[in-house]
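J.: Structure for the following, please:
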Amino acid sequence: MKWPLVEIDKVAQVNPRLPKGIDETQIVSFIGMASVSEDGKLLSEEDRVLAETKKGFTYFTRQDVLLAKITPCFENGKCLHAGQISHEVGFGSTEFHVIRANPDELDAKYLFYLVWNNSFRFYGQHSMSGAAGQKRVSADFIKKFKIPLPPLKEQKRIAAILNKANNLRRKRQQTIQLADEFLRAVFLDMFGGGKFPRVTIGEICDVKGGKRLPKGEEYANSKTNHAYLRVVDFKNRGIDTRGLKYISEATHKKIRRYVISHEDVYISIAGTIGLAGIVPAELSGSNLTENAAKLVIRDKGSVCNEYLAFWLSTPDAQRQIKAKTMLTSQPKLALFRIEELEVPLPKYQEQIRFLKIKNRLEKGYFYLEDSRSQGMELFNALSQKAFSGEL
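T.: Have a look, this model is predicted:
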């Protein structure tokens, strides 16, 4: 069944204003960009007084949908149905757009799944404007974007189906996370508690930034010899190759100094901060986004890149990263701050012993990852059918 296509601003408000006369003594929920996960979950919130928060932040309510406007957060899927907050009113980062559905015409959860969608992100990414590294999706793009509008009852039915599919996908992801937490516990048992001396990253690595595409350059329309690795490609201490972007030979020549080797360690420094891992050998020499840095190990006989990449995912490392992240509307981890991170450094043989344990445990990850991928494919297929009237 084909449903009418309607511009969002015909059935919703984009970035509604704070109403006059609102009680400024009330407690509101405050959320930063880091408080929103890439799978639509609220990770944390703060209680604040409205009067102290109303200036310089974005207003919303529990009925609204929040959508990250800035790269790479938009592409990474940072989006939230605000019904998850504790208070009726909320404020957040200025890098959020707020979409408020007209409840008589548009279901808020249906709206969430429409904009938390690969197709919407594809068109939004291509509409972005601004300096490279600071590109944003405009409010006008959202207002004029056309969405399928079935009857309200049908919208609620679709949202309920997608919610069940999304919960299944999340449970599979949680299984992987539990397995990873067990591995971190093994790491802590072997290397925690001050058992080994600590050194700074700057003592053992050269920390170098990536590079954005030169002004006026675009991704290639097809696969080339030069992959361009983005934060959205960073998954499970490796690279998710399903959505890789490529650049032309001419573009690569302009930024050829900003490539990463399979012997290095990557770490994200903007948007979703602190994702770390290793590039597979077949992608060695790929260009690296400006939203990430590479750690080039000086003495590969004393520091194993896999050990360092795993340590960066531990609570110890993540606490240090959080403390050193510059909190602005677009949080950023400076290269010199990465150099200050303190890592326990056991003997090389001990690092290898842990990696052998890790590799044995991760053999079971293949099944879990396959299950997770199937869950994502099911969700995406259901979304496509739902919004084309085939569900």
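
J.: which regions of this structure lie under the pLDDT threshold?
T.: By pLDDT under 70, the low-scoring segments of the chain are 1, 132-133, 327-329, 364-382, 385-386, 388-391.

J.: can you list the domain ranges for it.
T.: Residue ranges for the domains of the chain, per the TED database: 5-149, 151-196+346-390, 197-344.

J.: Please report how far Ser268 lies from Leu335.
T.: Ser268 sits 13 Å away from Leu335, going by C-beta to C-beta, to the nearest Å. In this view, the C-beta of every residue, glycine as well, is placed from N, C-alpha and C.

J.: now do Val259
T.: In terms of C-beta to C-beta, Val259 sits 17 Å off from Leu335.

J.: Compare those two (neighbour count), which wins?
T.: In terms of neighbours (other C-beta atoms under 10 Å), Val259 is the more surrounded of Val259 and Leu335; the figures are 21 against 14.

J.: check contacts around the more buried one.
T.: By C-beta atoms under 8 Å, 6 or more residues apart in numbering, the contact set of Val259 is Gly285, Ser286, Asn287, Leu288.

J.: Next: Ser119.
T.: Counting by C-beta under 8 Å, 6+ apart, Ser119 touches Gln384, Phe387.

J.: Quick check: which element contains it?
T.: Per DSSP states H and E, Ser119 falls inside helix 118-127.

J.: can you give me the helices in the stretch 101-250 of the chain?
T.: Counting by DSSP state H, counting those that start in this stretch, the segments of the stretch 101-250 of the chain that form helices are 108-115, 118-127, 139-144, 152-191, 201-204, 249-254.

J.: Can you tell me which of the contacts of Val259 end up in strands?
T.: Ser286, Asn287, Leu288 (DSSP state E).

J.: okay, now Asp64: neighbour count?
T.: Neighbour tally, Asp64, other C-beta under 10 Å: 28.

J.: Would you agree it is in contact with Cys79?
T.: No - using C-beta atoms under 8 Å, Asp64 makes no contact with Cys79, being 11.3 Å away.

J.: quick one: secondary structure of Phe295?
T.: Careful, residue 295 is Leu and not Phe. strand (DSSP: H, G, I helix; E, B strand; the rest coil).

J.: Hmm, it is touching Glu263, no?
T.: No - look at Leu295 against Glu263 with C-beta under 8 Å: they stay out of range, at 10.2 Å.

J.: The two: who's more crowded?
T.: Leu295 (25 against 14).

J.: State the distance from the more buried one to Val98.
T.: Distance, Leu295 to Val98, using C-beta to C-beta: 38 Å.

J.: and if you look at Thr71?
T.: Applying C-beta to C-beta to Thr71 and Val98 gives a distance of 19 Å.

J.: which of the two has more neighbours?
T.: Legend: neighbour count by other C-beta under 10 Å for Thr71 and Val98, higher for Thr71 (27 against 22).

J.: Number of residues surrounding the closest residue to the more buried one other than its chain neighbours?
T.: Excluding its sequence neighbours, the residue lying closest to Thr71 (C-beta to C-beta, 6 or more residues apart in numbering) is Lys135, at 4.5 Å. Using other C-beta under 10 Å, Lys135 has 18 other residues around it.

J.: My guess is Lys135 contacts Cys73. True?
T.: No - counting by C-beta under 8 Å, Lys135 does not reach Cys73; the two are 10.9 Å apart.

J.: Let me see the ranges of the helices in the stretch 251-391 of the chain.
T.: Under DSSP H, counting those that start in this stretch, the stretch 251-391 of the chain gives helices at 305-311, 315-324, 335-340, 348-362, 365-387.

J.: Show me which residues of the shortest one are buried.
T.: This means helix 335-340. Arg337, Ile338, Glu339 (16 or more other C-beta atoms under 10 Å).

J.: Reformat those as a markdown table; add distance to Ile357.
T.: Converted to a markdown table, the buried residues of helix 335-340 look like this (distance: C-beta to C-beta, whole Å):
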| residue | distance to Ile357 |
| --- | --- |
| Arg337 | 31 |
| Ile338 | 27 |
| Glu339 | 29 |
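
J.: For Pro16, which non-adjacent residue is spatially closest?
T.: Per C-beta to C-beta, 6+ apart, closest to Pro16 is Arg100, 5.1 Å.

J.: Okay, and the one you found sits in which element?
T.: Here Arg100 is assigned to strand 96-101, by DSSP H and E.

J.: So what angle separates the directions of that strand and helix 108-115?
T.: Using axes from the mean of the first three to the mean of the last three C-alpha atoms, to 10 degrees, the direction of strand 96-101 lies 130 degrees away from that of helix 108-115.

J.: Name the surrounding residues that touch strand 96-101.
T.: With contacts defined as C-beta under 8 Å, 6+ apart, strand 96-101 is touched by 8, 11-16, 33, 58-61, 63-69, 107-108, 111, 115, 137, 139, 142.

J.: and that strand with helix 152-191, angle?
T.: Relative orientation of strand 96-101 and helix 152-191, computed by the same axes, to 10 degrees: 150 degrees.

J.: mind listing the strands for the stretch 1-150 of the chain?
T.: For the stretch 1-150 of the chain, the strands defined by DSSP state E, counting those that start in this stretch occupy 5-7, 12-14, 27-31, 46-49, 58-61, 65-68, 79-81, 89-92, 96-101, 146-148.

J.: Reformat these as JSON lines; add distance to Val303.
T.: JSON lines is the format used below for those (distance: least, C-beta to C-beta, whole Å):
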{"stretch": "strand 5-7", "distance to Val303": "55"}
{"stretch": "strand 12-14", "distance to Val303": "49"}
{"stretch": "strand 27-31", "distance to Val303": "37"}
{"stretch": "strand 46-49", "distance to Val303": "38"}
{"stretch": "strand 58-61", "distance to Val303": "43"}
{"stretch": "strand 65-68", "distance to Val303": "35"}
{"stretch": "strand 79-81", "distance to Val303": "38"}
{"stretch": "strand 89-92", "distance to Val303": "39"}
{"stretch": "strand 96-101", "distance to Val303": "39"}
{"stretch": "strand 146-148", "distance to Val303": "51"}
